Structures are given as C-alpha cells and as structure tokens.
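K.L.:
Here is my input; please provide its structure:
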Amino acid sequence: MIGSSDEAQLARAVSLERMFMTHNRVDFERLAKQYFDASRSHYGIVIAVRRSPRELAQRLLVILNMVTADEMKDQLRYI
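P.N.:
Numbers count the residues shown, from 1 in each chain. Down below sits the predicted model:
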C-alpha cells in the first residue's frame, strides 16, 4: 500500500484483523486517539524506532511472545 494515506493503511490492517507496525509515531498516535475517541477498534499499533531489520524483528518477537492477539487489540506499543 505504498503511497496510501496513513488512514487507509490502518483501515486496511483493521479490515484484515492485523496489527500494524510503523515508524511514524506522530501520525499513528493521532490515529490511535481518533479511533479511541470514536469508539472504533483496531488490532494494535506498534511504533518502532528505526533500527536494523534484525533488531526490529527481535523486539517485535518479544511482544508477540508476551501478548495475545486479544490483549493487543486497541493497544499502542513502542519498540
């Protein structure tokens, strides 16, 4: 979905019942708040600091091994 708006990307993740990972902290914190204010659900947003792909994968695996999909729903996490 390269070139799609942040809103469209998150909506697509929601339609697929998928968690969304991004480096775009400012916009996705705003979107998470909009979803919360509108009582809309998403399947989790993970905001990552730019790191090597290996380190990102390791940090993401920590979350995936600690949190169930149900626990991740409507959560905003930072790695």
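K.L.:
now Tyr35: how far from Glu7?
P.N.:
10 Å (C-beta to C-beta, to the nearest Å). Placement of C-beta: from N, CA and C, glycine included.
K.L.:
Also Leu56?
P.N.:
From Leu56 to Glu7 the distance is 24 Å (C-beta to C-beta).
K.L.:
So which of those two has more stuff around it?
P.N.:
Between Leu56 and Glu7, counted using other C-beta atoms under 10 Å, the more crowded position is Leu56 (17 against 11).
K.L.:
need the contact list for that one.
P.N.:
Ala48, Ile79 (C-beta atoms under 8 Å, 6 or more residues apart in numbering).
K.L.:
tell me which element it is part of?
P.N.:
helix 53-66 (DSSP states H and E).
K.L.:
Where does the prediction get shaky in this structure?
P.N.:
Along the chain, segments meeting pLDDT under 70 are nowhere present.
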